[in-house]
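*Asks:* Build the 3D model from these lines:
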Amino acid sequence: MKVFILAGGKGTRLWPLSREKYSKQFLRLIDGKELLESTYERVLNLAEPKDIVTVTNSDYYFYVKDICSRFSKEMEDNIICEPVGRNTAPSIAIACQYAIEVLKSDPEEVTFVFPSDHLIRPIESFVRYMNIGKDVAEKGYLVIFGIRPNRPETGYGYIQLGENKGDYNIVDRFVEKPSLDKAKLYIKDGNYLWNSGIFAFKISTFLEELMCYQPEIYNIIAKGYESAIRNFEKMPSISVDYSIMEKSKRVAVVPVSNMLWSDIGSWDALYEIREKDEDGNVLIGDVYPLETKNSLIFSNNRLIATIGVENLIVIETDDVVLITKRGNGQSVKELIERLKAEKREEVINHTEVFKVWGRYKTIEDGNGYKVRKLFIKPGNLLESEFHRERMEHWIVTRGLGELEVEDKKYRLKEGDSIVIPNCSVHRVRNVGNIPLEIIEIQMENSYN
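*Replies:* Below is the predicted model of the structure:
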C-alpha cells in the first residue's frame, strides 16, 4: 500500500499566519505540532515510511524535508517537487508514475491520497474507515471518504449518496459549495456528505480513468517520471474532482461518522474545534482578555489585551494584525486579493524565511537599510553572494563560522563583527556543532 500526501497549495484562508510561501500545513494550530507532522503520524498507522510519497513545490520543499527528517530518511527521499502548480489531478498522476517507476509499485496496489492540513480524530476511527476504503478500492472503485455533516456548511463541497452497498455507497453526484439555504436542505435531506478530499484507489484504476477522461495528463506521465517532471507545466491545471471523480462511473463513497474531521479552512473553523474557556474564548499565546467573550485571539509574539469585546477574531504576527468579527472568516480571501493587487509583501512571506542552509528573519526594513538575523545549520554553507548596491555589517551572536571574502578567509566566533564591502564575493559556512547566528545589517551604497 502506498500513501500520497499533497502538500502544495497557497496560504490564504488562514492569513496572516499562513502566506503564499508558508501554507497552512506548516502551522502549529493543534497540540503544538505542524498539521503536516500530524498527518505523517496518522498515516504511519497505514503504511511504512518507505511507502509514503509527498508532493509539494519548490517554495515548500525545505519545510517538508525538515518535517520528514523527524521520521525517516526514506520519507525525505520520497518528496516530489513540482516545477509549477497544476492542482491535484496532475499531482496525483505524477505520484502514481513515481510509485510505479521509482518505488516499483504493483499497479494493482491500493493507494491513499491525503491532504496535508486536516484535523482527524480519533486515530482508531480513522484506521477503521481507511481499511473499509481499502477493501472497496480493491473492487475497482475510485473511493472518496464523505463526512456526515453536523451543521449547514457553505465552505465544503457535498456528495449525494446513491445506491447503498453496505459499508459504502455508489456516488450519485458531486455538489459545489452551496448557499446557506441549500446547505440547510442537504442537512435535512440526510443523503448528502461533506467531501473530505481523501481518496483511495488501485493505481491501475486511477490511470485507466485518467486515460479516459484526461488524456492530456495521461499522455505526459506515460512517457516516464523524469519526462513528466520536465513537461509538468504542459499539463492542464485541474482538480481531481473536476477532471475525473465527477465524470467517472466507478466512484464510491465511504460514509464517515463518529470521527472528528476538519480541513481548518478558516479562522471560524479553528474556533469551532478548539477548546474554549468559561467565557467561550479560544486563547492562543500571550493573551489577557478582560470582559471578553466568544472570541478567538491568537498571539504569535506580543501580549494582546482586550477589554469588553465579543465575537472577535484577532490574529497577531510580527508584521500583521488581523481583526474581524467571527463569521467573516471566509472573507479573508477577498482581503488577500486586494492586498495582492497592491503587491503587499505580507501576502507572500513572513518575516522569517526558510532556506536549504537554514533560515533568516527580517528584524527591521528601513529607508536605505535592512536588519536580518541569519540562522545557519551546522555543516551548511550560505552560497557565494555578490551585492553591487549594498554593503553588509555582520555581528556573530552564536556559533562558529568560516567566512570567505574574495581571496581571504576569516574565522568568526561569538562577539566577532566584520564589514563586507559592496561588490565583494563572499560566502560563509557553519563549521561548528550548533546553529551559527549572525545579525546582518544591509546598507545601500548611499549610506557607505
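*Asks:* Helix or strand: which one has residue 105?
*Replies:* Per DSSP states H and E: residue 105 is located in neither a helix nor a strand.
*Asks:* Can you get me a residue count around residue 425?
*Replies:* 13 (other CB atoms under 10 Å). C-beta: built from backbone N, CA, C; applies to glycine.
*Asks:* Report pLDDT for it.
*Replies:* In this model, residue 425 is scored at 88, pLDDT.
*Asks:* Please report the distance of it from residue 445.
*Replies:* Between residue 425 and residue 445 the distance is 17 Å, computed by CB to CB, to the nearest Å.
*Asks:* Please apply the same query to residue 109.
*Replies:* Taken as CB to CB, the span from residue 109 to residue 445 is 60 Å.
*Asks:* the more surrounded of the two?
*Replies:* The neighbour comparison of residue 109 against residue 445 (other CB under 10 Å) goes to residue 109, with 17 against 13.
*Asks:* Distance of that one relative to residue 405?
*Replies:* 54 Å.
*Asks:* can you check residue 347 too?
*Replies:* In terms of CB to CB, residue 347 sits 36 Å off from residue 405.
*Asks:* of these two, who's got more company?
*Replies:* residue 347 (23 against 16).
*Asks:* thought the more buried one was touching residue 19?
*Replies:* Yes: the criterion here is CB atoms under 8 Å, and residue 347 meets it with residue 19 at 6.6 Å.
*Asks:* And for residue 140, the neighbour number?
*Replies:* 14.
*Asks:* That one against residue 205, yeah?
*Replies:* Yes: Residue 140 is in contact with residue 205 according to CB under 8 Å; the separation is 5.6 Å.
*Asks:* Okay, helices next: where are they in the stretch 201-350 of the chain?
*Replies:* Here the stretch 201-350 of the chain has its helices, by DSSP state H, counting those that start in this stretch, at 203-213, 215-221, 225-230, 240, 267-273, 332-341.
*Asks:* want to try JSON lines for those helices, with distance to residue 41, mean neighbour count and mean pLDDT as columns?
*Replies:* Putting those into JSON lines (distance: least, CB to CB, whole Å; neighbours: other CB atoms under 10 Å; pLDDT from 0 to 100) gives the following:
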{"stretch": "helix 203-213", "distance to residue 41": "25", "mean neighbour count": "19", "mean pLDDT": "97"}
{"stretch": "helix 215-221", "distance to residue 41": "30", "mean neighbour count": "18", "mean pLDDT": "96"}
{"stretch": "helix 225-230", "distance to residue 41": "28", "mean neighbour count": "16", "mean pLDDT": "96"}
{"stretch": "helix 240", "distance to residue 41": "24", "mean neighbour count": "25", "mean pLDDT": "94"}
{"stretch": "helix 267-273", "distance to residue 41": "18", "mean neighbour count": "20", "mean pLDDT": "93"}
{"stretch": "helix 332-341", "distance to residue 41": "28", "mean neighbour count": "14", "mean pLDDT": "91"}
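*Asks:* Just put those helices in JSON lines and tack on distance to residue 153.
*Replies:* Below are the helices of the stretch 201-350 of the chain laid out as JSON lines (distance: least, CB to CB, whole Å):
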{"stretch": "helix 203-213", "distance to residue 153": "28"}
{"stretch": "helix 215-221", "distance to residue 153": "30"}
{"stretch": "helix 225-230", "distance to residue 153": "36"}
{"stretch": "helix 240", "distance to residue 153": "21"}
{"stretch": "helix 267-273", "distance to residue 153": "9"}
{"stretch": "helix 332-341", "distance to residue 153": "16"}
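*Asks:* To residue 73, which of those helices lies closest?
*Replies:* Residue 73 sits nearest to helix 225-230 of all the helices of the stretch 201-350 of the chain, at 20.3 Å, using CB to CB.
*Asks:* who's in contact with the following helix or strand past the closest one?
*Replies:* Using DSSP H and E, the helix or strand that follows helix 225-230 in sequence is helix 240. With contacts defined as CB atoms under 8 Å, 6 or more residues apart in numbering, helix 240 is touched by 87-89, 92, 113, 199.
*Asks:* Over to stretch 248-257?
*Replies:* Taking CB under 8 Å, 6+ apart as the rule, stretch 248-257 contacts 125, 129, 132-133, 136, 139-148, 159, 161, 165, 167-171, 193, 196, 205, 209, 212-213, 245.
*Asks:* okay, now residue 180: neighbour count?
*Replies:* 10.
*Asks:* Run a quick neighbour tally on the residue nearest to it when sequence neighbours are not counted.
*Replies:* The spatial neighbour of residue 180 that comes closest, neighbours along the chain excluded (CB to CB, 6 or more residues apart in numbering), is residue 154 at 5.6 Å. Residue 154 has 12 neighbours, counted by other CB under 10 Å.
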